[in-house]
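Enquirer: Sharing a sequence plus its predicted fold:
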Amino acid sequence: MSLVEAQSPRPTLNMQRVFDAPRALVWRAWTNPEAMVMWLGPVEWPAVSVKQDLRVGGEWRACLRSPDTGQDLWQGGVYREIVPPERLVFTFKWDESHEDGPPVDTLVTLILTETDDGQTRMDFTHEGLKSEQSLTGHKHGWTSTADRLEAWLAINKT
């Protein structure tokens, strides 16, 4: 007889935001590297480089840089599903280890829905995070990133 150890599912971050911007602009923000570099990353780690091969199987890469120390944090992944302008699914992985161990492959799903009043609801899921500590860190990072996206959309919606 063999023992099978049950593994608990890895943590998932679920976030919903409503932006006062048309869905096409929110989609462009996520799929145009020149736009994305302007808002990606939390305020304390803004992006300095974004590269995208926007096709299923194509890779994306981004570099976040600390304004205080100049340290770079690289991340990247592969696009799994692209349904303009409503659904984007991609893998996400840090290049380097963090406090809670080596990086793991995770999955981000982004669903954009146009509301009746012309706003855009973003349903954001980041699944497969490796620990509660990682969930807490990513929650802060993605919340700050969404705040920066909201500011970028406000400037660029006209």
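Expert: On my side now, so go ahead. Numbers count the residues shown, from 1 in each chain.
Enquirer: in stretch 60-73, what's buried?
Expert: Using 16 or more other CB atoms under 10 Å as the test for burial, stretch 60-73 gives 60, 62-65, 73. Just so you know, the C-beta spots here come from the backbone N, C-alpha and C atoms, and that holds for glycine as well.
Enquirer: Name the residues that touch the top helix by length along the chain?
Expert: Determined from DSSP state H, the single longest helix within the chain is helix 132-156. Residues outside helix 132-156 that contact it (CB atoms under 8 Å, 6 or more residues apart in numbering) are 11-13, 15, 17, 19-21, 25-26, 29, 35, 38-46, 98-100, 122, 124, 126, 129.
Enquirer: Just the ones of these in strands?
Expert: When those are checked against strands (DSSP state E), the matches are 12-13, 15, 17, 19, 122, 124, 126.
Enquirer: Mind putting those into TSV with neighbour count, distance to Phe90 and pLDDT?
Expert: Conversion of those to TSV gives the following (neighbours: other CB atoms under 10 Å; distance: CB to CB, whole Å; pLDDT from 0 to 100):
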residue	neighbour count	distance to Phe90	pLDDT
Thr12	13	15	97
Leu13	21	15	98
Met15	15	16	98
Arg17	16	18	98
Phe19	22	20	99
Met122	19	15	99
Phe124	19	12	98
His126	22	10	98
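Enquirer: how about those residues, which pair is most distant?
Expert: Farthest-apart pair in these is Thr12 and Phe19; separation 22.1 Å (CB to CB).
Enquirer: No further questions, thank you.
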